[in-house]
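>>> My questions are about this predicted structure, shown below with the sequence.
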Amino acid sequence: AADTAAVIGLDDVLANGTDADENIDLAGAGLTSATFNVTTASSADVIDVEGASTITINATGNLTATSLTTSSTTAAITVTGAGNVNLGQVDNGVDSLISSSSTGITTFTAPADNVAFVATLGSGADVVTISDEDFATSDAFNIDAGAGTDVLITDANASGVDTADLGSRYDNFETLRTAGSVDVSYISGITAIQLTAADTTTLSGLNATQMANIEFRADNATSTTFTPTDATGSSDVVSLSLKSTTATTTVDLIGIAVANIETVNIASETGSTSASATTTNAFGFLANSADSVTAINITGDSDVLFTVAANTLDVVAVTIDASGMTGVGDLQLTQTSDLVTGSTVTGSPNGDTITLGTTLGSTYNLGAGNDGASTAFATLVADGTDDTILNMGAGTDTLTITDTGATTLTDTHFTNVSSAEALTTDSAAAISITT
């Protein structure tokens, strides 16, 4: 009689080629079960189990595949062991995937078209990518990530979780990774958001825990809007981490919209960590969408270019504090739109580059490092009512006057300027200094 069961040992079996055809293909018309005993790290492009409907992976070592295919229409996959198992795209013929006893990481993309698919995962930090969204309310489709800190990756436009019914089909996931707009309240248990190449993206239905754990893994484009479930208070906080998956890659954010949110925390975690580097993580708000912001706290060891864009931070005074930056991280501040009178800017411990606004009455404390500050000379005039204060702190600091015409500087221009070691000017015309 023909064999109905296949048992395959995988010991350092690796797909080393680049042609995507290093496959594991089982053959046998009567094959009903396939067992893979993975003892050391192994990989394949495609694992094809013919018509087997019972598929078992006992993973002591790790197993990675691009996809797992079967001609069965009712297949069941069981994963056990401490090894990490990445099955890639799971076939539409698979109805269940059980790795509840596994302590390793189970990674897969759900079937693209199987409303009966059900998965129950184990205690590893599992990673699941959404691939189907066409369900009737009565369909069984459900993925329970089990214990561990698990990641749910949406499809490109996040349409796979854009209703309460769709979101409810994913249980016990803690991290949502998406590039699309999502009402996060549809998915219970989410405590952190990871954004990838977000473009005109809105995250709504956010609770305070989720607002405190938002990570940008790549540049956004155009805008990203954050809408909490309740922003009626006066102490709402959003915390944004700029953290590429590559340590030296910068993350640039533009058009950040945080209406009715008072505090924005920015952690600059990847990018430039060299004292001589010229690259920065850029950040700016969307026009008329940060009018309640009163505090911006900047941390991390990678340089930040913060642009006060037109029609941003122009309603209430704001405190910008980069004193928590570490390593060689520094702050570059550019004001396209002026900060409101009464605002305060505190620099990093390193050499910052600050452009003062022309609206009077803000305070700039630049701290340690060899800082540079630039301004029009009229901003520095002291009249005792709405004076701009500039303390350049420790280091060898340079104040640059940006006026290009003839200029007369007097003592009143420097009444509220302290700790500047050098004075330069952009003017080629005559400069008169009167004391």
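Structure's in. What do you need? Numbering: from 1, shown residues only.
>>> Tell me the spacing between the residue nearest to Leu399 when sequence neighbours are not counted and Asp352.
Ranked by Cβ to Cβ, 6 or more residues apart in numbering and with sequence neighbours excluded, the top spatial neighbour of Leu399 is Ala420, at 4.4 Å. Yep, even glycine has a C-beta here, placed from its N, CA and C like the rest. As judged by Cβ to Cβ, to the nearest Å, Ala420 and Asp352 stand 13 Å apart.
>>> of the two, who's got more company?
Asp352 (30 against 20; other Cβ atoms under 10 Å).
>>> Roughly how far does the more buried one sit from Ala394?
For Asp352 relative to Ala394 (Cβ to Cβ), the value is 12 Å.
>>> go on, Gly361?
According to Cβ to Cβ, Gly361 and Ala394 sit 25 Å apart.
>>> Just want to know which of those two has more residues nearby.
Gly361 (17 against 13).
>>> returning to what we had before: need the overlap of contacts for Asp352 and Ala394.
Residues touching both Asp352 and Ala394 by Cβ atoms under 8 Å, 6 or more residues apart in numbering: Gly367, Gly369.
>>> which residues does the most centrally placed residue in the chain bridge with?
Nearest to the mean C-alpha position of the chain, counting by Cα atoms, centre = their mean, stands Phe216 at 1.6 Å. Note on Phe216: beta-bridge partners by DSSP bridges are Leu195, Leu242.
>>> Can you name the residues that contact it?
By Cβ under 8 Å, 6+ apart, the contact set of Phe216 is Leu195, Ala198, Thr224, Leu240, Ser241, Leu242, Lys243, Val251, Leu253.
>>> again, only this time at 10 Å
Listed by Cβ atoms under 10 Å, 6 or more residues apart in numbering, the contact set of Phe216 reads 193-198, 224, 240-244, 251-253, 256, 266, 269, 281, 283.
>>> pLDDT value on it, please?
Phe216 is assigned 97 on the pLDDT scale.
>>> do the same with Thr435
66.
>>> Over to Thr344?
Taking Thr344 on its own, its pLDDT is 98.
>>> Go ahead and confirm it touches Thr388.
No - Thr344 lies out of contact with Thr388 (Cβ atoms under 10 Å); the separation is 11.3 Å.
>>> Please compare those two by neighbour count and tell me which comes out ahead.
Neighbours were counted for Thr344 and for Thr388 using other Cβ under 10 Å; Thr388 has more, 22 against 16.
>>> List the residues that contact that one.
Neighbour list for Thr388: 341, 356-364, 375, 378-382, 416-417 [criterion: Cβ under 10 Å, 6+ apart].
>>> now swap in Ala317 and tell me
If you count contacts by Cβ under 10 Å, 6+ apart, Ala317 has them with Thr294, Leu339, Val340, Thr341, Gly342, Ser343, Thr344, Gly361, Ser362.
>>> From Phe173, how far off is Gly148?
10 Å.
>>> do Leu31 as well
For Leu31, the distance to Phe173 - Cβ to Cβ - is 34 Å.
>>> okay, these two: which has more neighbours?
Taking neighbours as other Cβ under 10 Å, Leu31 and Phe173 compare with Phe173 leading, 26 against 22.
>>> Which strand residues bridge Ile256?
The partner list for Ile256 in beta bridges (DSSP bridges) reads Thr224, Phe285.
>>> Distance-wise, check it relative to Leu286.
6 Å.
>>> and what of Thr312?
7 Å.
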